[in-house]
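Student: output the structure for:
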Amino acid sequence: MKVTQHLWFEKDMAAALALYTALIPGSKIVRTTAVMGDNPAGPAGSVSITEFTLGDQRYMAIEAGPLDAFNHSFSIMVEVDTQQELDHLWDALKEGGSVEECGWLKDRWGLSWQIAPKRLGELMSDPDPAVVRRVTEQMLKMVKLDLAPLEAAARG
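Tutor: Numbering: from 1, shown residues only. Okay, here's the model as predicted:
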């Protein structure tokens with residue numbers, strides 16, 4: 001059995017996947033094919049499908065014109081080890097897109113991303129409810145997550 005996330009792009013899929021696979025270590029484009037039969041999205045050869053990986057996750061993408069726009073019900077979450085990694089991903093993915101609270105952003109293609117330090121999960125799992133409350137309150141004030149203020153909030 002194989003599970004693969006599937007993304008539907010209206011247009012510019014190749015540019016999106018080139019950016020994604022360049023940003024996430026261990027990622028690659030596996031194969032791109034064209035649908036060689038007429039279909040509801042267009043004539044033979046006009047629809048392309050690409051298999052790719054982001055880190056250790058398998059994806060498939062199709063560029064087949066407008067259907068449903070991306071929305072928050074599907075996002076890609078990337079946990080990073082350092083603030084430098086977070087800043088790099090955030091800056092690259094937000095270009096032409098929009099930023100949102102609590103580490104969320106939409107890239108220029110409308111795909112939602114959550115870029116978060118791995119340490120945030122550890123802080124949010126602290127056995128002391130006061131630590132979790134302070135970290136949560138600090139996180140809710142942020143757009144791009146910043147590890148230093150989260151650590152400071154945990155310390156009280």
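Student: can you show me the strands along the chain?
Tutor: Here the chain has its strands, by DSSP state E, at 5-9, 28-34, 48-54, 57-63, 75-80, 98-99, 104-106, 112-117.
Student: mean neighbour count, mean pLDDT and distance to R155 for the ones you listed - can I get that in TSV?
Tutor: In this view, the C-beta of every residue, glycine as well, is placed from N, C-alpha and C. What follows is these, written out as TSV (neighbours: other CB atoms under 10 Å; pLDDT from 0 to 100; distance: least, CB to CB, whole Å):
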stretch	mean neighbour count	mean pLDDT	distance to R155
strand 5-9	17	95	37
strand 28-34	12	95	40
strand 48-54	18	96	34
strand 57-63	18	96	34
strand 75-80	17	96	21
strand 98-99	12	97	27
strand 104-106	20	97	26
strand 112-117	20	97	16
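Student: right, and these - which one's nearest L123?
Tutor: strand 112-117 (9.0 Å; CB to CB).
Student: strand 75-80 and the closest one, what's the angle between them?
Tutor: 20 degrees (axes from the mean of the first three to the mean of the last three CA atoms, to 10 degrees).
Student: which helices and strands does strand 112-117 pack with?
Tutor: For strand 112-117, the packing partners by 3 or more CB pairs under 8 Å, 6 or more residues apart in numbering; DSSP states H and E come out as strand 75-80, helix 83-94, strand 104-106.
Student: contacts for that strand?
Tutor: If you take CB atoms under 8 Å, 6 or more residues apart in numbering as the criterion, strand 112-117 is touched by 70-72, 74-83, 86, 89-90, 93, 102-107, 144-145, 147, 150.
Student: could you break this protein into its assigned domains?
Tutor: 5-63, 75-155 (automatic domain parsing).
Student: out of the helices and strands packed on strand 112-117, which gets nearest to P25?
Tutor: The nearest among the helices and strands packed on strand 112-117, by CB to CB, is helix 83-94 at 9.3 Å.
Student: and that closest one with strand 112-117, angle?
Tutor: 170 degrees.
Student: how about the CA coordinates for helix 83-94, as PDB?
Tutor: Output of helix 83-94 as PDB, limited to C-alpha atoms (Å, rounded to 0.1, in the frame of the first residue of the first chain):
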ATOM      1  CA  GLN A  83      15.900  29.800  13.400                       C
ATOM      2  CA  GLN A  84      18.200  30.200  10.400                       C
ATOM      3  CA  GLU A  85      16.400  27.300   8.600                       C
ATOM      4  CA  LEU A  86      13.000  28.800   9.600                       C
ATOM      5  CA  ASP A  87      14.000  32.200   8.300                       C
ATOM      6  CA  HIS A  88      15.300  30.800   5.000                       C
ATOM      7  CA  LEU A  89      12.200  28.800   4.200                       C
ATOM      8  CA  TRP A  90       9.900  31.500   5.400                       C
ATOM      9  CA  ASP A  91      11.500  34.200   3.200                       C
ATOM     10  CA  ALA A  92      11.600  32.000   0.100                       C
ATOM     11  CA  LEU A  93       8.000  30.700   0.400                       C
ATOM     12  CA  LYS A  94       6.400  34.000   1.300                       C
END
